[in-house]
Structures are given as structure tokens and as C-alpha cells.
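Participant: this is a predicted model, with the sequence first.
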Amino acid sequence: MVLSMDKEIFELHAGICQIMANAKRLEIISILGDKELSVGDIADNMDIRMANLSQHLSIMKAKGILRFRRDGVNIYYRISNPKVVQACKLMREVMMEQLREKGRLSKVVSQRK
């Protein structure tokens, strides 16, 4: 039996997964890793318009994935919890394993033909 607390956690989890279901947002997490960078530094590492980057950063900040601080005219972002980075790395490892497995399956199929 699923408790109402569990249901609330599942809803929160699904909301975070929706935010993370965007390649640019995953790229932002990868770029930030365990460091703090200015918006300009993040943009320099990505192929993205500044307006689009700001929109992604705002969404991630609103969901608690990112924290920010102002220093004069600059805004600096960092990951709010290092477990976010760990979770993304773990999922990336799963994807890489699946790609390797598919590669092996493709080779087996092509050898049988």
C-alpha cells in the first residue's frame, strides 16, 4: 500500500524528472558539477542564446536544483545538492551501458546475416 507521503514524494520526483528531461538542463548540470560559475561562464561552455540559458536557469532555480548569488552585476550559479550531480552521472552510466549493449547486439545481428 502506498502511503500519502509516498505519493507526495512520487509527485515531487516526477516534477524534478520533468525538469531534467531536457538536454540543455542536463548540460548545465554537467558544466556546473561541483563548481560555481557565472551566467557568462556557463554560456561560454554551451551553444545557447543568453535568453534561452536564462530561462533554463530560472526554471532550475525555481525547482531548487540550482542556487545563485549576486556579486555586483554578475550572477553565479551552483548545484543546490551534490546528489543531483551524482544522480545525473548514474543515469549517464546507465545510458552508456545501454549504448554499449546495443552496439554488441548490432554486431551480433550483422554477423548472423
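Facilitator: Cool, the structure landed.

Participant: going by C-alpha atoms from here, please, whenever you check contacts or count neighbours.
Facilitator: Noted.

Participant: mind naming the longest helix for the protein?
Facilitator: Using DSSP state H, we find that the single longest helix of the chain is helix 82-112.

Participant: what residues of that helix count as buried?
Facilitator: Along helix 82-112, these residues count as buried under the neighbour rule (16 or more other Cα atoms under 10 Å): Val85, Lys89.

Participant: packing partners of it?
Facilitator: Contacts defined by 3 or more Cα pairs under 8 Å, 6 or more residues apart in numbering; DSSP states H and E place helix 82-112 against helix 23-32.

Participant: other residues contacting the next helix or strand after the helix it packs on?
Facilitator: Next in sequence after helix 23-32, counting helices and strands by DSSP states H and E, comes strand 37-38. Residues from elsewhere that reach strand 37-38 (Cα atoms under 8 Å, 6 or more residues apart in numbering): Asn74, Ile75, Tyr76, Tyr77, Arg78.

Participant: in strands, which of those residues fall?
Facilitator: The strands in this structure, assigned by DSSP state E, contain Asn74, Ile75, Tyr76, Tyr77, Arg78 from those.

Participant: ok, and the closest non-adjacent residue to the third one?
Facilitator: Looking back up the chat, that one is Tyr76. In space, and not counting its chain neighbours, Tyr76 is closest to Ser38: 4.1 Å by Cα to Cα, 6 or more residues apart in numbering.

Participant: residues near the one you found, how many?
Facilitator: Other residues within reach of Ser38, judged by other Cα atoms under 10 Å, total 18.

Participant: can you check the pLDDT for it?
Facilitator: Among the per-residue scores, Ser38 shows a pLDDT of 96.

Participant: quick revisit: among the ones in strands among the contacts of strand 37-38, which two are most distant?
Facilitator: Pairwise distances among the ones in strands among the contacts of strand 37-38 were taken by Cα to Cα; the largest, 13.5 Å, belongs to Asn74 and Arg78.

Participant: list the contacts of the residue lying closest to Asn81 once chain neighbours are set aside.
Facilitator: Nearest residue to Asn81, sequence neighbours excluded (Cα to Cα, 6+ apart): Ile65, at 7.3 Å. Ile65 is in contact with Ile79, Ser80, Asn81, Val84, counting by Cα under 8 Å, 6+ apart.
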